[in-house]
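>>> Predicted model follows, preceded by the sequence.
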Amino acid sequence: MNIKVDDYDVAVIGGGHAGCEAALATARQGFKTALFVINLDTIAFLACNPSIGGTSKGHLVREVDALGGEMARNADKTTIQSRMLNKSKGPAVHSLRVQADKQRYHNEMKRVLENTENLDVIQAEITRVLEHGGKVSGVVTAMGEEYGARAVVLASGVYMKSQIIIGDYRAQTGPNGFQRAGGISDSLAELGFKLRRFKTGTPARVSKRSVDLSKLEPQYGDEEMIPMSFDNDRLDIPQDLCWMGYTNQTTHDIIRANIHRSPLYSGAIDGIGPRYCPSIEDKVMRFAERKAHQFFLEPEGRYTDEMYVQGISSSLPVDVQRELYRSIKGFENVKIMRYAYAIEYDCLDPQELKLSLETKNVAGFFTCGQINGSSGYEEAAAQGIIAGINAAQYIKQDSPLIISRDEGYVGVLIDDLVTKGTNEPYRMMTSRAEYRLLLRQDNADGRLTEYGRSVGLVSDARYDAFMRKQEAIQREKDRLESTSVNPTAKLNEMLEKLGTTPAKKAVTLAELIRRPELTYKDVTEMFPGEQLSRQAAETVEIDIKYRGYIDMQVKQADKMKDLEERILPDNITYGDISGLRLEARQKLDNVKPRTLGQAMRISGVSPSDISVLMIYLKQNRL
Amino acid sequence: MNETIAALSTAPQTAGIHVIRMSGDDSVEILKRVFEPASKIESFEHAHMYYGRVVDNGVALDEVYAVSFYQPKSYTGENVVEIQCHGSGVLSGEILKLLLKNGATPAQPGEFTKRAYLNGKLDLVQAESVMDLLNATGKAASKNAYEQLSGHLSERINSLKDIFVFVMANIDVDIDFPEADVEVVDRELLSAKLCEAKRIIDGMLSSVDEGRIIKEGIRVAICGLPNAGKSSLLNYLIGDDRAIVTDIPGTTRDVIEESVMINGIRVRLFDTAGLRHTEDKIESIGIQRTKRAIDDGDIVLVMIDGTSESLGDENTELLHSTRDKKRIVALNKSDADINDSVIKDLDAMGVEYVVISARTGDNIDLLKDKIYQTVMGGNSTESVCLTNARQIHCIRHSGEALQRAMEDMDAFMPLDIVGIGIREAYEGILELVGEGIDDSIINEIFTSFCLGK
């Protein structure tokens, strides 16, 4: 018999990047929230690489920030190196990535949680999710304590029945030797969820003192640090170094000679691993012609000697690991502090979810993060805040917040997972977004702040600043489009000096900015307007310079809008619609799409099936 | 806002008339762009029929009737335009293409009916059958999409897909894994690949364009021995005495051109000098021209005098030298006695022929039909044409997007900007073959590049 301890509005299971955002979102909206963590020292633990952001992931962090989440602010507090990636490339793909201090990242996030009203942080392993009449009703801990909850958010990451694998060695633990969650899988199965087995891996951590850094190439942070959070206009802190190096033929020979001892190749691992994050043995075997593979050496933090070896994850036995790491130039005397490992874990099929991240099976039960088949801290955090917002909406009996594919990467992420499902850990990539010129890191606030505001996660002060920024952007864009200048000798002299052709007739300032050779800065130095913040100026420049392309993508997105706005009621029985092909009936029944647009993205649903659905809706006046 | 759709609404077979229908907000606007009324009008009144010409860049394609129905008083409940043109598939296909060029999009199978239903124009009882119809046509359409493409065409489409996927995967790797040590993206290689794609698309557009036939007509070279009745046939077809007809062999010393309309297609007839060995200088120049007319002709019409004693060496040689051309053989002078030995000789050579009389007009309609069938390849061109309109629309759209992307590439725009056009071009091709956007780019990334943390 369980002992009922307390009642909460929301119980969040798991204190990783998804769980933290979910718990903060519900507590900040005024709902009494309990965050259950298997070990409080694992809160916001960066279990793999010590960095936040990167291509399209940096976009997700900014979107979480715009919605009122914590990840960007926490990264800004704990960054030790920052780089804007892809700066030489187009504006859609500039991506911010920071090295974070692992220990401090955990500490700072824990402190924020501890100081949040309405939020209790409790160390306990949850072994059961309680359901009553199709609705979630609470959770039970391994120690037999029961907590009532109106909504439950499951964010258990890679901890469910996880197993660490190094060669023949197996340990029934979560990442980094933390205790795993052994009990909850069965409870989920009882509730009717299908469980799957995914796999991922992490490289070794080595002692910096033991590496001959002079043989590696140093990697510096950007001179001007750009903050992750829209709250901060600048960051000025000393930065640490990373290093870059290469494996060599000897390394690869060692791997090939020992490949039979790799659990990946001997078949000892059944879990499905991500293609974008291959182990070094995978890289060597699959790309045999490559003579060297690049890796990065990144500090785990400012106050530790441990270094993360990005690029050389492995599940080979420890003796092989020692040998292969030592074959690398600069690593001749390397001391491994933590060995690389692969980890296998239970996860759910995201096709069992609605776009709100509520499960279709159990009302009020939400899941987010790696449990949904994704990978990465940023993907987890983005799902976390959406799950938190929608758990609150559920309690309020309000309609869920669903970000569309042309509004945010978070929309693409969730739509992909829920609509298409995934057969490997899902990583966000820019190529997954159709409208990536609309979904930039610089305009994430413009896209999503209103949503955050509408659910109460954006403070007055922040909202005021946001509005001022948006107005300034609009004023400046209007000025640039409407101000035209005559082709005076003076103007043309300046234009030629900037390496562009002289003007023949009057041109607008916007037209000048659209010239490939000219920047916003060049033009405003000649024709100054109001002083804009760095962030606002960035958005103005991109919006003006790439207006033609942006308009094109807006048009493409609008074409989809009509279908996206046609809601498909939950209670349609697709099996009964005779006009649908059999495959479409099954697929639609499985996914239960929310809109016609979503239905169209399901593989196996054809345009004529969509036509049939339109007629069905009309026929039944839905 | 409703997209304006267009399609051939009558059965695709050759008929007296064909009706092309448009439905959607812009249908009347699009009609205005392509239709020149015979007499000046203020506007297209509801349900009034106007006579005029469909004009493409100053070239009249056909004389037609056009009628507009304004919403909601129309079949679909939207603005509907119907154009009645001559009942040739090539012709209606051309008109359809012109409408697409001016802003219409090809209708999906069953789409008019679907719209009619959605706008409350059909009653509920009909819903089930409409859905079944959509299902059936949808199945057929998706099944056909690939099948209708000839092996050669689908080969080219596959190479296009490969190129686009390759280029996009390269761009995306460059963007998604900026720090990975994958080979730096080679803009020149990508440019070369895009040029290759452009060449393929241009080739496809030129090969599927029957516009020349509509605008320039079918060229039919009439040839045969002197006095076989070539000029008589020409005269019969055009109904005047344009060519000099005498019974002195070799009267027609030059190539005479006339054109007539057959099933809505302009047929240009080239009456040629009789092909016989001659010492006459002027006549031999005429014969040179005749040979060229035969070479240039879309069709060669070989006239044989059926009253000759036998087929003869010269006719045999003529039949031999034209056997690789699209050819019709007419055995003339059925009004007199056709000699059995000529028929026997023709049968022995395995040559098919039509027996006619250029003087009385006997079987001339059959001959006309033969000309039409021969140039159209003898198959029901209309259904091909209808799909072609869709195909051409997709390919053209893809080509335009590709063109923009190539200009961006040359202007050294960032690769992700270039990628916007390429993606659009790729989607055009996918639409052409009835496929949705898939994971092939991401698959290509992981197959071709070694990446990862």
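All right, it came through fine.
>>> all contacts plus neighbour counts: C-alpha atoms, from now on.
Will do.
>>> Next, A:Ala149: secondary structure please.
Following DSSP: H, G, I helix; E, B strand; the rest coil, we place A:Ala149 in the strand state.
>>> and it, how many neighbours does it have?
Burial of A:Ala149, expressed as a neighbour count using other C-alpha atoms under 10 Å in any protein chain shown, amounts to 25.
>>> What score does it have for pLDDT?
Predicted confidence (pLDDT) for A:Ala149: 98.
>>> Show me the domain layout of chain B.
When chain B is parsed with automatic domain parsing, its domains come out as B:5-107, B:151-209+B:381-448, B:214-375.
>>> Tell me if the first one is near chain A.
No. If you take C-alpha under 8 Å from any C-alpha of the partner chain as the test, domain B:5-107 misses chain A, and the best it gets is 12.1 Å.
>>> I'd like the distance from that domain to the chain centre, please.
The chain centre lies 18 Å from the centre of domain B:5-107; the measure is C-alpha atoms, centre = their mean, to the nearest Å.
>>> do the longest one as well
How far domain B:214-375 lies from its chain's middle: 26 Å, per C-alpha atoms, centre = their mean.
>>> before we move on, the earlier item: of all the domains of chain B, which lies closest to A:Gly144?
A:Gly144 sits nearest to domain B:151-209+B:381-448 of all these, at 45.8 Å, using C-alpha to C-alpha.
>>> Can you tell me what sits against the helix or strand where A:Arg83 lies?
Under the criterion of DSSP states H and E, A:Arg83 resides in strand A:79-85. If you take C-alpha atoms under 8 Å, 6 or more residues apart in numbering or on different chains as the criterion, strand A:79-85 is touched by A:54-55, A:94-101, A:220-222, A:225-226, A:237-241, A:301-302, B:178.
>>> For it, list every residue counted as buried.
By 16 or more other C-alpha atoms under 10 Å in any protein chain shown, the buried positions in strand A:79-85 come out as A:Thr79, A:Ile80, A:Gln81, A:Ser82, A:Arg83, A:Met84, A:Leu85.
>>> pLDDT added to these, as a markdown table?
As requested, these are exported to a markdown table (pLDDT from 0 to 100):
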| residue | pLDDT |
| --- | --- |
| A:Thr79 | 97 |
| A:Ile80 | 97 |
| A:Gln81 | 97 |
| A:Ser82 | 96 |
| A:Arg83 | 94 |
| A:Met84 | 93 |
| A:Leu85 | 91 |
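>>> how about the residues of the stretch 201-350 of chain A near chain B?
Within the stretch 201-350 of chain A, the positions lying close to chain B (C-alpha under 8 Å from any C-alpha) are A:275-278, A:283, A:287, A:293-295, A:310-313.
>>> In helices, which of these appear?
Secondary structure from DSSP state H places A:Lys283 of those in helices.
>>> Helices of the stretch 201-350 of chain B, start to end?
With DSSP state H, counting those that start in this stretch as the criterion, the stretch 201-350 of chain B has helices at B:211-216, B:230-238, B:281-296, B:312-321, B:340-349.
>>> Using PDB, write down the CA coordinates of the second one.
In other words, helix B:230-238. Below are the C-alpha coordinates for helix B:230-238, written out as PDB (Å, rounded to 0.1, in the frame of the first residue of the first chain):
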ATOM      1  CA  LYS B 230       0.600  15.500-106.800                       C
ATOM      2  CA  SER B 231      -0.600  18.900-107.900                       C
ATOM      3  CA  SER B 232      -4.200  17.700-108.300                       C
ATOM      4  CA  LEU B 233      -4.200  16.500-104.700                       C
ATOM      5  CA  LEU B 234      -2.900  19.800-103.600                       C
ATOM      6  CA  ASN B 235      -5.500  21.600-105.500                       C
ATOM      7  CA  TYR B 236      -8.200  19.400-104.200                       C
ATOM      8  CA  LEU B 237      -7.100  20.000-100.700                       C
ATOM      9  CA  ILE B 238      -6.900  23.700-101.000                       C
END
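>>> helices or strands up against it?
Applying 3 or more C-alpha pairs under 8 Å, 6 or more residues apart in numbering or on different chains; DSSP states H and E, one finds that helix B:230-238 makes contact with strand B:218-224, strand B:256-262, strand B:265-271.
>>> hey, C-alpha coordinates of the lowest-mean-pLDDT helix or strand in chain A in CSV?
When the helices and strands of chain A are scored by mean pLDDT, DSSP states H and E, helix A:607-619 comes last with a mean of 77. Taking C-alpha atoms only, helix A:607-619 is exported to CSV below (Å, rounded to 0.1, in the frame of the first residue of the first chain):
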residue,chain,number,x,y,z
PRO,A,607,-2.7,14.1,-52.0
SER,A,608,-5.9,12.3,-53.0
ASP,A,609,-6.3,11.0,-49.5
ILE,A,610,-6.1,14.6,-48.3
SER,A,611,-8.9,15.4,-50.8
VAL,A,612,-11.0,12.6,-49.5
LEU,A,613,-10.5,14.0,-45.9
MET,A,614,-11.5,17.5,-47.0
ILE,A,615,-14.7,16.1,-48.4
TYR,A,616,-15.3,14.0,-45.3
LEU,A,617,-14.9,17.0,-43.1
LYS,A,618,-17.4,19.0,-45.2
GLN,A,619,-19.8,16.1,-45.4
